[in-house]
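Novice: only geometry, no sequence info:
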């Protein structure tokens, strides 16, 4: 290596392949050196082609020269890698492992940065210089950093973040492609002619690209933040609802604690209220005793009054009775006078009875005599006829007559048997008809009842057409109107529930309405206070609907539903309100009741489940009103009393009315059919009764004919066997005797009649006498009866008073019994007072003031207990746990709300700042554009060029326009010739020639001119930037000697004009620049390479 004798300085490092040449440094130059951010030295070990090398750099301009392969670019690459750059930035390797010297496992690069002056980065830790060491390894950990104090060598940090902080503080832009241009980057920049690429170099070199990327990232972050805000806004209502639920839960638990204390106070009041009640019972018993005693005294007065009335009435009655007896004594002589005629009348009547008896005997004897005479005459006649027909033929005829009569008897007996059989059949049929009649009568009554009920149902449905709410019961319309106008502690009551329930399929209407019957008319409230208000409204309107207290909790019921293949009552309904749905699930378990059309289908389900209902099924109901199966097991089937249909489930009322009319018509036809059957049975029964009577008459007639035939047979047989001739004479003799006897009887009867007439006349005379006496006696008896009746009236009055006395005595007895009972009650109440006082003192020693009646206290205690049980059922946590949980939700909600508000404010500020930054960025871009243009023109002028930079920020292009010195000379010649020619026409020609010397873009320049122009652009960009280190590799390979000298001079001048900037320039060519105090030339010899 050769060294300049004036500026030669050997390196103090252990390598010997780097020669450093620098001019003498004056005190003035040292004062202008940069104090922070410049590279003082670069040391590499086993890095790329170098085994070990150390390069000490001056603060201003450093030229690194050497032949190709001497490792010049490795110095710049080491600088980039040490300052945190990536392998891809150098275009020398795809990874850090590629930088390790061949045959080695690791490499080390060290860069020492100056850290002085007031802007030094944490000098108390890092000292006046910072040594950045990066070790590269071929193992899994490819690199490690060590940041040392340059003064002490102590390792301060091993974090890359601290390195980034150092480079940011010192404004070292390692990743800026214009700031540190590697060999490939420099070649690309110097050879670039594309306007858009040049524009990109401009943006990246001035950091505008990075700023724009940062602003774009900010914009995206704002967009993401706004999306997050929207998502959080969607979640916030749920958090608020959860907060409210837990607040309510906490309030409920607090209320439970307060309720417990309230229950204790109420229990104390209840204990002493029982004492007061017992004392009131004692006072009430005493008051009742006093009242009863007053009543007994009044009763005694009443009894004395009635007794006085009775004494007066008894005196009057005794007088009237005495007068009646005196009148009756006047009857005694008349009775004596009457006894004689009475005895005569009795004797006469006895004689008349005897005469009438004798007359009867005579009539009987005469009738018997006449009958005997007639009989004798007939016998005589028969005897004579017999004697006349005494031959054999006559006897045969008699035998035939007897046989014929016997045959007639047999026919009559057979006729009787047939008639009796008919009677039995009539009786059997009558029994059947009577049963039929009873059944028909029951059917008629049942059909009549069904018709009446159907007609009533139809009338109610017709009434409901004016207002469908009438189907929910009496007074429901008025109640709903009052509910709308009333004030409620919580939300307005929901109801009737049926308003929110609609059928999906009408075939389930009857069974569902029967199952939910009372529930459909129910109302839902959230508190006892609202229940009390609603109950008062119902009482005023006469509404009988049920009131249910519930909280609007939308619990998940899906876990309790059966297999989806079953149709549940919940699925068959369209329930418009979720709270109503949950209450129907609580009240009727509609999610676990399955519906089938026929019983057979339900039996199949039960049989398939081994005789039990399926899981999560509580009942299986059929459309025609049967319940199939049970949870306990078995194929049981029970009928359900289906209620009459209404329009509560939203069924089409017109269609329902038409169906009900059809049902009414069918039932009327059934009633008419039953009535016809009953009438036919009655008619047939009457006809059978008539036939039975005719049969009975026919039987009697047959029996009479049989008796007559038997008599004729007897006579005929007598005729057949009697053949004595003397019989006629005897008969005639007897006939004469009876004839004489008949005449004697007639004479006696005439005498008897005359005698009887005389006795009757005598009886009439005696009866007239007796009647006269009777009239006298009747007059006396009437007067006596009048007196006796008056006395009896007095007796009746006395009885009334006696009855009053009995009544009052019974009343007194009853009152005395009541008094005894009251005395017993009083004693028991007194004992109860002592007992309740003893019990009350066990609850509370001191007597407390009772504010309510025991019944109300009991209701209040029951309500508190029910509320406590409800709260205990709804929560398994303690008050502290609920408070903690509620506080978590409250805190989470407020925190989320505050975060949302804060984020929204931040986003708003970011959007404002982003807008301002974009404006600033635009201003900065315009400023950088203007500075770059000015510096570009200045640098071009050093060669005698003119030109400009044409920026198109819309199209994002940069086009340099250049006019070289030759162009300027040609343009001057043209202009001079034009001035000599003179004249307007010559000027026009000269002007036309000048158009040919317009500025040209870089494509039309020579290689040297283009490289010079590009260097001018690079220097312009560098001068617009603020970076302490600028590096350029092989910048002059395409320049001729003139352009290269000018470019170097420009770079040196630019470096000298910047007191805070260090230049590192790498070239393979020989240096025409001489070392100076601020210029160092480093010549590198090719390093020793391995034999491979």
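Specialist: Nice, I can see it. For clarity, every value in this text was computed on a predicted model and none was experimentally measured. Numbering: from 1, shown residues only.
Novice: how many residues are close by residue 1016?
Specialist: By other CB atoms under 10 Å, the residues close to residue 1016 number 27. From N, CA and C alone the C-beta is placed, and that goes for glycine too.
Novice: so it makes contact with residue 941?
Specialist: No - applying CB atoms under 8 Å as the test, residue 1016 and residue 941 come out as separate, 9.5 Å apart.
Novice: touching both of the two, which residues are there?
Specialist: Counting by CB atoms under 8 Å, 6 or more residues apart in numbering, residue 1016 and residue 941 have no shared contacts at all.
Novice: for the stretch 701-850 of the chain, give me the ranges with low pLDDT.
Specialist: Scanning the stretch 701-850 of the chain for pLDDT under 70 picks out 717-732, 734, 792, 795-800, 803, 806-807.
Novice: any idea which helix is longest in the chain?
Specialist: Of all the segments of type helix in the chain, defined by DSSP state H, the longest one is helix 208-329.
Novice: now the helix or strand just after that one: average pLDDT?
Specialist: Counting by DSSP states H and E, the element after helix 208-329 in chain order, helix or strand, is helix 331-388. Across helix 331-388, the average pLDDT comes to 74.
Novice: can you check stretch 943-952 too?
Specialist: 80.
Novice: so what touches it?
Specialist: The contact list for stretch 943-952 (CB under 8 Å, 6+ apart) reads 195, 199, 202, 929, 932-933, 936-937, 940, 957-965, 968, 999, 1012-1013, 1017, 1020, 1043, 1046.
Novice: which ones among those lie within helices?
Specialist: 195, 199, 202, 929, 932-933, 936-937, 940, 965, 968, 1012-1013, 1017, 1020, 1043, 1046.
Novice: residues near the residue nearest to residue 167 when sequence neighbours are not counted, how many?
Specialist: In this structure, residue 167 finds its nearest non-sequential neighbour in residue 83, 6.0 Å apart by CB to CB, 6 or more residues apart in numbering. Counted with other CB under 10 Å, residues neighbouring residue 83 total 24.
Novice: I'd guessed residue 83 sits against residue 111; true?
Specialist: Yes - between residue 83 and residue 111 there is a contact under CB under 8 Å: 6.4 Å.
Novice: which residues touch residue 1060?
Specialist: When contacts are counted by CB under 8 Å, 6+ apart, residue 1060 touches 34, 37, 1026, 1028.
Novice: and the helix or strand hosting residue 771 with helix 208-329, angle?
Specialist: Counting by DSSP H and E, the element that carries residue 771 is helix 727-843. Orientation of helix 727-843 against helix 208-329 (axes from the mean of the first three to the mean of the last three CA atoms, to 10 degrees) gives an angle of 130 degrees.
Novice: helix 727-843 to helix 331-388, inter-axis angle?
Specialist: Angle of helix 727-843 versus helix 331-388, following the same axes, to 10 degrees, is 130 degrees.
Novice: and the strands in the stretch 951-1092 of the chain?
Specialist: Secondary structure of the stretch 951-1092 of the chain by DSSP state E, counting those that start in this stretch: the strands cover 957-963, 1029-1033, 1062-1067, 1079-1084.
Novice: would you turn the ones you listed into a markdown table with mean neighbour count, distance to residue 434 and mean pLDDT?
Specialist: Converted to a markdown table, the strands of the stretch 951-1092 of the chain look like this (neighbours: other CB atoms under 10 Å; distance: least, CB to CB, whole Å; pLDDT from 0 to 100):
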| stretch | mean neighbour count | distance to residue 434 | mean pLDDT |
| --- | --- | --- | --- |
| strand 957-963 | 20 | 122 | 81 |
| strand 1029-1033 | 25 | 132 | 80 |
| strand 1062-1067 | 24 | 136 | 83 |
| strand 1079-1084 | 23 | 143 | 84 |
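Novice: closest one to residue 842 among those?
Specialist: Nearest to residue 842 among the strands of the stretch 951-1092 of the chain is strand 1029-1033 (96.6 Å), distances taken as CB to CB.
Novice: thought residue 115 was touching residue 131?
Specialist: No - with contact defined as CB under 8 Å, residue 115 and residue 131 do not form a contacting pair (10.0 Å).
Novice: that older thread, starting at the chain centroid, how far to the longest helix of the chain?
Specialist: 32 Å (CA atoms, centre = their mean, to the nearest Å).
Novice: packing partners for that helix?
Specialist: If contacts are counted by 3 or more CB pairs under 8 Å, 6 or more residues apart in numbering; DSSP states H and E, helix 208-329 sits against helix 195-205, helix 727-843, helix 854-874, helix 879-941.
Novice: reformat these as JSON lines; add mean neighbour count and distance to residue 155.
Specialist: What follows is the helices and strands packed on helix 208-329, written out as JSON lines (neighbours: other CB atoms under 10 Å; distance: least, CB to CB, whole Å):
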{"stretch": "helix 195-205", "mean neighbour count": "20", "distance to residue 155": "34"}
{"stretch": "helix 727-843", "mean neighbour count": "15", "distance to residue 155": "81"}
{"stretch": "helix 854-874", "mean neighbour count": "14", "distance to residue 155": "64"}
{"stretch": "helix 879-941", "mean neighbour count": "15", "distance to residue 155": "38"}
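Novice: circling back: any idea how far the helix holding residue 771 is from the middle of the chain?
Specialist: Taking CA atoms, centre = their mean, one finds the center of helix 727-843 at 82 Å from the center of the full chain.
Novice: do stretch 76-83 as well
Specialist: Per CA atoms, centre = their mean, the centroid offset for stretch 76-83 relative to its chain is 71 Å.
Novice: avg pLDDT for that stretch?
Specialist: Stretch 76-83 comes out at a mean pLDDT of 86.
Novice: sorry, back to before: find residues that contact each of residue 83 and residue 111.
Specialist: Joint contacts of residue 83 and residue 111 (CB under 8 Å, 6+ apart) are residue 132.
Novice: just the helices in the stretch 51-200 of the chain please.
Specialist: In the stretch 51-200 of the chain, the helices defined using DSSP state H, counting those that start in this stretch lie at 72-82, 87-90, 123-126, 160-169, 183-191, 195-205.
Novice: quick one: which of those helices is nearest residue 409?
Specialist: Closest among the helices of the stretch 51-200 of the chain, using CB to CB: helix 160-169, at 148.1 Å.
Novice: quick one: residues contacting residue 773.
Specialist: Counting by CB under 8 Å, 6+ apart, residue 773 touches 334, 337-338, 341.
Novice: mind putting these into TSV with distance to residue 217?
Specialist: Below are these laid out as TSV (distance: CB to CB, whole Å):
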residue	distance to residue 217
334	153
337	158
338	154
341	158
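Novice: tell me the one of these nearest residue 912?
Specialist: Taking the contacts of residue 773 together and measuring to residue 912 by CB to CB, the closest member is residue 334, at 147.0 Å.
Novice: neighbours of the closest one, just the number please.
Specialist: 13.
Novice: report the contact partners of it.
Specialist: 773, 776-777, 780.
Novice: what do you get for residue 458?
Specialist: Contacts of residue 458 by CB under 8 Å, 6+ apart are 657, 660-661, 664.
Novice: residue 330 against residue 780, yeah?
Specialist: Yes - if you go by CB under 8 Å, residue 330 and residue 780 touch, sitting 5.3 Å apart.
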